[in-house]
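Novice: What follows is a predicted protein model with its sequence.
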Amino acid sequence: MPRQIPFIIGNEACERFSFYGMRNVLTDFLVGYLLISLAEADRQPAAKEVFHIFVMGVYFFPLLGGWLADRFLGKYRVIFWLSIVYCVGQALLAYSIDSKEGFYAGLFLIALGSGGIKPCVSAFVGDQFDQTNKHLAKVVFDAFYFIINFGSFFASLLIPPLLKSGHARWAFGVPAILMAVSTVVLFAGRKKYVHVAPAGKDPNGFLSVCITALFRGGGLNAGSVLVGLGSVGALGALLLWQSLGLVATACLSIVIFLSFAGAGVWLRAENARGVHPDEDVDGVKAVLRVLVIFALVTPFWSLFDQKASTWILQAKSMQLPGWSWFTTASQMQALNPLLVMLLIPFNNLVLYPGLKKRGVEPTALRRMGLGIAFSGLSWIVVGSLQLAIDGGQSLPILWQILPYALLTFGEVLVSATGLEFAYSQAPRRMKGVLMSFWSLSVTIGNLWVLLVNASVKNESVTRRITEQGWGVVATQMYFFAGFAFVAAGAFALYARKYTVVDNYRKSDAA
């Protein structure tokens, strides 16, 4: 095992405590403190919107971080300098609990710092391995995901009571301190890491190959037509900003353009041969194949991230168990990382070996497809709980254990698997790009949440729902369940035709 791994794991543990400590009280803080000036009926929808816009930012800025790492600075420098930005953002939250402007500025800096380092940290872990010890990479990626949830568990358990007891400044101050510790741990191991140099300005990089494929030879072709249609669609989406909000509209516009442009590059990729090396053209095609996988995972993220918004708001209307240490609905989120820490070793030591003995190979793609389906099952359960609440029943909060268990099992199958899968499929010079797109899939998942929330603000839609005798929230929950089941089916169909590759770097000795 590479001797530098403990520094990366320790850095990640502290950073994840910092992030989830802040994130898991954000909805409660917005409803109970920062947005208190709004009418009571408007606070929860507004808090949910702010939360998901923040998450979208966190998973959008990996595009910037990956580009900086691959092109100019390398992974370590991006992680270090953006960690400092991250520290400033966390400190600003603690300082600005009475100021919307200061608080939102802090959220922006956290989104920039946390998001910018995401693709770099995951790829940085992979860089510490080569062909001689790549069999240990899966163990470390699982340990990496385990430590993420170790930090998240204690943050979810310990930070919400600080907010509940009226110590809002400390509820954000403690995460700020942990982020500073994280940065120090990262710096302490700087001389032990394997540093893969940035590619610099690469005439055969991902974007260069894409541009050549689309426009080489000039004139109209399938690629340029699709780019034109994508541009028109993106501009048309911007007209929706008044109903969707500026951030959601901008993200929707980007998604539309990238979808059409990506399809154009796929159709015209062979056009780039002769201008760029075959290895780089094949690399772009490999990235595009993986992006289809990522696109089909986006519905999972739309379900998963709502456990910190929609599920908390549901839990606030349920009965607490009466335990002395369980004082707020937000602490229910500690169940998610606790289950992850139990399920990862269970899956690796019991479930997967047991399936192999029975002739069933639990490949990465099979695990991911099944995980999406399990997330849908969790929302069937949570929707049923909501129907009971809407019907006047007073339910104990512990009823949420079942949907948390189903969602967490799905998370382990999708997210822990997806990190290693994304790294293994990425060509050497495009690993930062592909890891950035993996994070972008989370942004798109949260975009679906904002689009659905915007649709139910329409009076005609709300009226149709109520005429059927259903509550709006329960209807949304069942919609997201169906969304996941459709995605799981499409994922299974695509996975059957996908060819898995191995893009770990060769050993130094080789």
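Specialist: Looks like it came in fine. Numbers count the residues shown, from 1 in each chain.

Novice: Quickly list the domain ranges of the chain.
Specialist: 5-194+207-216+275-495, 217-274 (automatic domain parsing).

Novice: Buried deepest among these, which one?
Specialist: Mean neighbour count (mean count of other C-beta atoms under 10 Å) peaks for domain 5-194+207-216+275-495 among these, with a mean of 20. C-beta: built from backbone N, CA, C; applies to glycine.

Novice: is it true that Phe187 lies in a strand?
Specialist: No. Counting by DSSP: H, G, I helix; E, B strand; the rest coil, Phe187 is located in no strand; its state is helix.

Novice: Quick check: chain neighbours aside, which residue is closest to it?
Specialist: Phe80 (6.6 Å; C-beta to C-beta, 6 or more residues apart in numbering).

Novice: tell me which element the one you found is part of?
Specialist: Using DSSP states H and E, Phe80 sits within helix 75-95.

Novice: That helix - what's its average pLDDT?
Specialist: The pLDDT scores in helix 75-95 average 95.

Novice: Can you spell out which helices and strands pack onto that helix?
Specialist: Contacts defined by 3 or more C-beta pairs under 8 Å, 6 or more residues apart in numbering; DSSP states H and E place helix 75-95 against helix 5-29, helix 62-68, helix 100-127, helix 168-188.

Novice: Pipe these into JSON lines and attach mean pLDDT and distance to Ala248 per row.
Specialist: What follows is the helices and strands packed on helix 75-95, written out as JSON lines (pLDDT from 0 to 100; distance: least, C-beta to C-beta, whole Å):
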{"stretch": "helix 5-29", "mean pLDDT": "91", "distance to Ala248": "18"}
{"stretch": "helix 62-68", "mean pLDDT": "85", "distance to Ala248": "17"}
{"stretch": "helix 100-127", "mean pLDDT": "89", "distance to Ala248": "15"}
{"stretch": "helix 168-188", "mean pLDDT": "95", "distance to Ala248": "25"}
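
Novice: what sits against Thr27?
Specialist: The contact partners of Thr27, by C-beta atoms under 8 Å, 6 or more residues apart in numbering, come to Ala47, Lys48, Phe51, Ala308, Ser309, Ile312, Leu313, Ser330.

Novice: Helices of the stretch 401-510 of the chain, residue ranges please.
Specialist: For the stretch 401-510 of the chain, the helices defined by DSSP state H, counting those that start in this stretch occupy 401-411, 417-425, 431-455, 459-467, 472-495.

Novice: and Lys138, how far is that from Glu459?
Specialist: Separation of Lys138 from Glu459 (C-beta to C-beta, to the nearest Å) stands at 51 Å.

Novice: of all the helices and strands packed on helix 75-95, which lies closest to Leu239?
Specialist: helix 62-68 (24.1 Å; C-beta to C-beta).

Novice: Send me that closest one as PDB with only the CA atoms.
Specialist: Listed next in PDB are the C-alpha coordinates belonging to helix 62-68 (Å, rounded to 0.1, in the frame of the first residue of the first chain):
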ATOM      1  CA  PRO A  62     -15.300  20.500 -10.600                       C
ATOM      2  CA  LEU A  63     -15.200  21.400 -14.300                       C
ATOM      3  CA  LEU A  64     -13.000  24.400 -13.400                       C
ATOM      4  CA  GLY A  65     -10.900  22.400 -10.900                       C
ATOM      5  CA  GLY A  66     -10.300  19.500 -13.400                       C
ATOM      6  CA  TRP A  67      -9.300  21.900 -16.200                       C
ATOM      7  CA  LEU A  68      -6.900  23.800 -13.900                       C
END
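
Novice: tilt between the strand or helix carrying Arg289 and helix 401-411?
Specialist: Using DSSP H and E, Arg289 falls within helix 278-304. Angle, helix 278-304 to helix 401-411, by axes from the mean of the first three to the mean of the last three C-alpha atoms, to 10 degrees: 180 degrees.

Novice: Who are the packing partners of the helix or strand following helix 278-304?
Specialist: Under the assignment DSSP H and E, the closest C-terminal helix or strand after helix 278-304 is helix 310-315. With contacts taken as 3+ C-beta pairs under 8 Å, 6+ apart, helix 310-315 sits against helix 5-29, helix 40-60, helix 364-390, helix 472-495.

Novice: Could you rerun that using 7 Å?
Specialist: Here helix 310-315 touches helix 364-390, going by 3 or more C-beta pairs under 7 Å, 6 or more residues apart in numbering; DSSP states H and E.

Novice: So for the helix it packs on, mean pLDDT?
Specialist: On average, the pLDDT along helix 364-390 is 95.

Novice: residue closest to the middle of the chain?
Specialist: Val442 (3.7 Å; C-alpha atoms, centre = their mean).

Novice: May I have the residues that are in contact with the closest residue to Thr466 other than its chain neighbours?
Specialist: Distances taken as C-beta to C-beta, 6+ apart place Val472 nearest to Thr466, at 7.5 Å, with adjacent residues excluded. The contact partners of Val472, by C-beta atoms under 7 Å, 6 or more residues apart in numbering, come to Val456, Thr462, Ile465.

Novice: quick one: Ile397 and Ser330 touch, right?
Specialist: No. In this structure Ile397 lies outside contact range of Ser330 using C-beta atoms under 7 Å: 11.0 Å.

Novice: Next one, pLDDT for the closest residue to Phe326 other than its chain neighbours please.
Specialist: The shortest distance from Phe326 to any non-neighbouring residue, by C-beta to C-beta, 6+ apart, is to Leu320 (5.9 Å). Model confidence at Leu320, given as pLDDT, is 93.

Novice: and Leu320, how far is that from Gln333?
Specialist: Going from Leu320 to Gln333 by C-beta to C-beta gives 14 Å.

Novice: which residues are contacting stretch 232-251?
Specialist: Ile53, Met56, Leu252, Ser253, Ile256, Phe257, Phe260, Thr443, Leu447, Leu450, Leu451, Ala454.

Novice: For Gly371, find the nearest of the helices and strands packed on helix 75-95.
Specialist: Judging the helices and strands packed on helix 75-95 by C-beta to C-beta, what sits closest to Gly371 is helix 100-127, at 17.9 Å.
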